[in-house]
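Peer 1: let's see this in three dimensions:
(one chain, ligands or ions: 1)
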Amino acid sequence: MGSDQKQVEVSYDVSNEFFRLWLDEAMFYTSAVYESADQSLEAAQRNKMRILCDFAGVDATSRVLDIGCGWGAAIEYVAREHASKAIHGVTLSRAQMDEINRRAIPGVEAMVQDFRTYQPTEKYSSIISICMIDHLCSPAEARQGKAIDIYREYFKRAWEMSTPGAKFGLQAILRNRVPRDKHDLTETYWVTHEIFPGGLNPRLEELITAVNPYWEVVEVHTRRDDYRRTTHEWRRRLRANEAKIRSEFGDQVYVDYDRYLSCCVNNFEKHYSSLAQLRLHRIDQ
Ligand SMILES: C[S@@+](CC[C@H](N)C(=O)[O-])C[C@H]1O[C@@H](n2cnc3c(N)ncnc32)[C@H](O)[C@@H]1O
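Peer 2: The predicted structure follows:
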């Protein structure tokens, strides 16, 4: 069944103050999109949102759902830039919900709610989901050949929650190839099981298959180097705060997150992992 609530809390409930020390100021925990060599992480995160809002057809008249809304960065962006009619987010993490409540963003409504059982009172014209799909299929389920069916169920649920003509901006981390190097394989296994228990990154071909018969793939971009650069910048900020993190959150948290981010940088560099952004249109026939 992918990550359950307890496993999601392992990934996101270390402490909001801890994540605030090394993510961008809006607290996106997903790749940015860089448009120049000297662009800041903050500006690159706004680029990512501009692209995904375009993919999802977001404007002032939209009813927007963010599936896996994290600390609320995307719904905050939508509220600020588009002031859409309805802006809803679902997350499984209670700590993330606390942060969204703390921000008190006008016009948004977020819920601690499993997307798989969420029953909206009104359907959505725009769906955004940024690196949530990697929580849905566990390594054991992938080995049993269940990945495509699990991802198809996600696309079906998104279809059921949307209105005819709806658009969907999807971002997903990808697993491209298995490390051949023993150290890289060990590190990847450790991150998968200790930092993101219950989840596994999908393959691009699994997503392309699983969208059918619900969504048309209109555009796909892979952005492997953007995620390498994002994780590199996260690690730089983590290291710049080493003393504070060790004293406030403990040595093990610092050591684990340095190890995890180092594994990410390496995995994007060596093509083990990548990132995809998909422009999806609802199939209404
Ligand atoms: C990597 S974070 C991404 C957060 C956010 N989209 C961002 O860009 O920063 C994944 C998010 O998916 C949420 N999530 C995982 N499984 C979920 C589920 N079954 N239902 C709702 N949210 C879920 C987690 O709680 C978390 O907020």
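
Peer 1: how about the nearest residue to Glu242, chain neighbours excluded?
Peer 2: Tyr254 (6.1 Å; C-beta to C-beta, 6 or more residues apart in numbering). Every residue, glycine included, has its C-beta placed from N, CA and C.

Peer 1: where does Trp159 fall, secondary structure wise?
Peer 2: Applying DSSP states H and E as the criterion places Trp159 in helix 147-160.

Peer 1: circling back to that earlier point, and the helix or strand harbouring the residue nearest to Glu242, anywhere near the ligand?
Peer 2: Assigned by DSSP H and E, Tyr254 belongs to helix 251-269. No - under the criterion of C-beta under 6 Å from any ligand atom, the ligand is not reached by helix 251-269; the shortest gap measures 12.0 Å.

Peer 1: same check, this time on stretch 56-76
Peer 2: Yes - contact of stretch 56-76 with the ligand is found when judged by C-beta under 6 Å from any ligand atom, involving 68-70, 73-74.

Peer 1: quick one: buried ones out of these?
Peer 2: Among these, those scoring as buried are 68-70, 73-74 (criterion: 16 or more other C-beta atoms under 10 Å).

Peer 1: let me have those in TSV, adding secondary structure and pLDDT as columns.
Peer 2: Formatted as TSV, those follow (DSSP: H, G, I helix; E, B strand; the rest coil; pLDDT from 0 to 100):
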residue	secondary structure	pLDDT
Gly68	coil	97
Cys69	coil	97
Gly70	coil	96
Ala73	helix	97
Ala74	helix	98
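
Peer 1: where along the protein do the strands fall?
Peer 2: 63-67, 86-91, 108-112, 124-130, 162-175, 215-222, 273-282 (DSSP state E).

Peer 1: could you dump the ones you listed to TSV with mean pLDDT, distance to Val8 and mean neighbour count?
Peer 2: Below are the strands of the chain laid out as TSV (pLDDT from 0 to 100; distance: least, C-beta to C-beta, whole Å; neighbours: other C-beta atoms under 10 Å):
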stretch	mean pLDDT	distance to Val8	mean neighbour count
strand 63-67	98	13	26
strand 86-91	97	8	24
strand 108-112	95	10	18
strand 124-130	98	15	26
strand 162-175	98	16	21
strand 215-222	98	25	15
strand 273-282	98	20	22
